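Peer 1: Okay, here's the prediction I keep looking at, along with the sequence it came from:
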Amino acid sequence: MARLELKRVTKAFGDNVVLDGIDLDVGEGEMVCLIGASGSGKSTLLRCINLLEPIDDGAILLDGDDISEPGRDPRPVRERIGIVFQAYNLFPHMTAAENVMLAPRRVKGLDREALEGPVTALFERFGLSDRMGHYPDQLSGGQQQRVAIVRALAMEPEIMLFDEITSALDPELVGEVLDVLRDLRGQGMTMVLATHEMGFARELASKVCFLHGGRILEQGPPREIFAAPAHERTRAFLRRVL
Amino acid sequence: MPVTKAEAAAAEPPQAPHPAPSRTRRQLYEARQRRRSLGIAALSTGAVILFLVVLIPMAPGWGAVKRSFFDGEVFAQTFPGLLQAFLLDVAIFAWCAPAIALLGLAIALCRDVRAPALYPLRLFGIVFTDIFRGLPVILVIYLIGFGVPGLGLPRPWNSPYIWGSLALMLVYSAYVAEVIRSGIEGVHASQRAAAASLGLSDADTMRFVVLPQALRRVVPANMNLFIALQKDVALLSFIGPVEIFRQAGVYKSLLANFTPYVGAALIFLAITIPATRYADYLMTRQARART
């Protein structure tokens, strides 16, 4: 059974329909890549899954449980679904380690001593052990984004969402962030990515979805989507980006 | 065809045709411009000062003004007493300032509550800031400073120090609250989104993510308010306390000379000018950090 299931998800900002009936299944350990032009609804879709935006119609099911029900407390859901943003959104007044520890301390009630070990291990795993005491503005974009990933992972989420996390980075820094995703993929993390990194999606995605005008026009294994796109719009998009 | 010496020299590869200039053309030009502007500024300032020094003493009342405002003897005689009285201004400031900071923060937070059950708090915040920002300080001091002791409260609860200070606290915390609120609104929505995405509650988001950034941002603006507060402490003299302004008035009556007011002004400036400069410095530094 799918861990995450989207059924006819609809979302509009005023008259602007951003998501127009999205159906999507994400299975345990899958990595689903959302591709499509800017404004096609990829980011909004991720923000809706994390309940940062309420959906207008349809349903989002987590293990069969409707988390999009209006009036439901979003916080327990957000503990289970982590998200990383394009602009990192680190807290600038806290060191990298403080950024990472804030939510485990306040939400899970863990104390500093209990967190010391696991947090240090996370920083080490992503090559950041000498950056724990640095403030965000003392870190490169790639390091900041890796800290943001560590911050989300420290809550031990079951599913991770990544919203174009390499789009704000200088080209030479993209690789180090993609390596982190590769590592998570190897660990069997369930992930949904909005991405412009086509090579990466082709290499590692279990499923690629092409969004256009708030709909998923086409979805399937990367081999099929990249090699033999069925839809003319998909072909046009891929011609432009590849 | 014979080649002249000059032509030969010109044909040779130039080996440092000019001695390597220590400064570029641009730098030389800018240095010249700077010297020129400096000269003009000095000249025009000198002309204005000369004009004032010559002109003011030519006014028919200058002799009288000089005697009654700039009397060296009176100045020397009253300055220590003025300094002594200024300690009271500083003391009033010292107990008002922390109370204003806390009350201002509380009011700012009141205006930010979203829960419907707490709507009265929000309403209170709005009404409070509207009223106390809308009234002249001196009016609030009169109303509270004369009004409340008029209830016939026993000592020490009829003291003008208490009620005058309260008036200052109310007015200034309304301003501080507005400044803090602008700081809260200035924290980018993506910071709140990041905090929410980690499962933080609204209260924790405010306390750990939004407020620390907001308060840091509004330090210079609040400093300016506290400088204004130090000056407005003098208004309490109207309801009784013998602070520096009142003390200067006493000396004026005693000696029939206005020089004590000039002394009081100098004492205020000695505090407020460095403080204003420091606030300006903080503000430019912050503006630079943000770009």
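Peer 2: Arrived safely, thanks for sending. Numbers count the residues shown, from 1 in each chain, chains lettered A, B, ... in the order given.
Peer 1: what's the helix ranked longest in chain A packed up against?
Peer 2: In chain A, taking DSSP state H as the definition, the longest helix is helix A:171-186. If you count contacts as 3 or more Cβ pairs under 8 Å, 6 or more residues apart in numbering or on different chains; DSSP states H and E, helix A:171-186 packs onto helix A:141-153, strand A:190-194, helix A:198-204. All C-beta atoms are positioned from the backbone trio N, CA, C, and that covers glycine.
Peer 1: what sits up against that helix?
Peer 2: A:31, A:125-127, A:140-142, A:145-146, A:149, A:160, A:162, A:165-166, A:169, A:191, A:193, A:197, A:200, A:204 (Cβ atoms under 8 Å, 6 or more residues apart in numbering or on different chains).
Peer 1: Dump the helices and strands packed on helix A:171-186 into a markdown table; add distance to A:Ile35 and mean neighbour count as well.
Peer 2: Below are the helices and strands packed on helix A:171-186 laid out as a markdown table (distance: least, Cβ to Cβ, whole Å; neighbours: other Cβ atoms under 10 Å in any protein chain shown):
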| stretch | distance to A:Ile35 | mean neighbour count |
| --- | --- | --- |
| helix A:141-153 | 20 | 24 |
| strand A:190-194 | 8 | 24 |
| helix A:198-204 | 6 | 17 |
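Peer 1: For chain B, find the nearest of these.
Peer 2: Across the helices and strands packed on helix A:171-186, chain B has its closest neighbour in helix A:141-153 (7.1 Å, Cβ to the nearest Cβ).
Peer 1: Confirm A:Lys7 sits in a strand?
Peer 2: Yes. With DSSP: H, G, I helix; E, B strand; the rest coil as the criterion, A:Lys7 is assigned to a strand.
Peer 1: Counting neighbours, what do you get for it?
Peer 2: 16 (other Cβ atoms under 10 Å in any protein chain shown).
Peer 1: The strand or helix carrying B:Ile271 near chain A anywhere?
Peer 2: Assigning secondary structure by DSSP states H and E places B:Ile271 in helix B:259-290. No. Taking Cβ under 8 Å from any Cβ of the partner chain as the criterion, helix B:259-290 and chain A are apart, separated by no less than 9.0 Å.
Peer 1: Please work out the average pLDDT along that helix.
Peer 2: Per-residue pLDDT over helix B:259-290 has a mean of 89.
Peer 1: now do stretch A:96-111
Peer 2: Taken as a whole, stretch A:96-111 has a mean pLDDT of 95.
Peer 1: Flag every buried residue along that stretch.
Peer 2: By 16 or more other Cβ atoms under 10 Å in any protein chain shown, the buried positions in stretch A:96-111 come out as A:96-107, A:110.
Peer 1: Could you export those residues as a markdown table, including secondary structure and distance to chain B?
Peer 2: Converted to a markdown table, the buried residues of stretch A:96-111 look like this (DSSP: H, G, I helix; E, B strand; the rest coil; distance: Cβ to the nearest Cβ, whole Å):
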| residue | secondary structure | distance to chain B |
| --- | --- | --- |
| A:Ala96 | helix | 14 |
| A:Ala97 | helix | 14 |
| A:Glu98 | helix | 9 |
| A:Asn99 | helix | 9 |
| A:Val100 | helix | 10 |
| A:Met101 | helix | 11 |
| A:Leu102 | helix | 6 |
| A:Ala103 | helix | 4 |
| A:Pro104 | helix | 9 |
| A:Arg105 | helix | 9 |
| A:Arg106 | helix | 5 |
| A:Val107 | coil | 4 |
| A:Leu110 | coil | 13 |
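Peer 1: what's the closest of these to B:Leu102?
Peer 2: A:Arg106 (23.4 Å; Cβ to Cβ).
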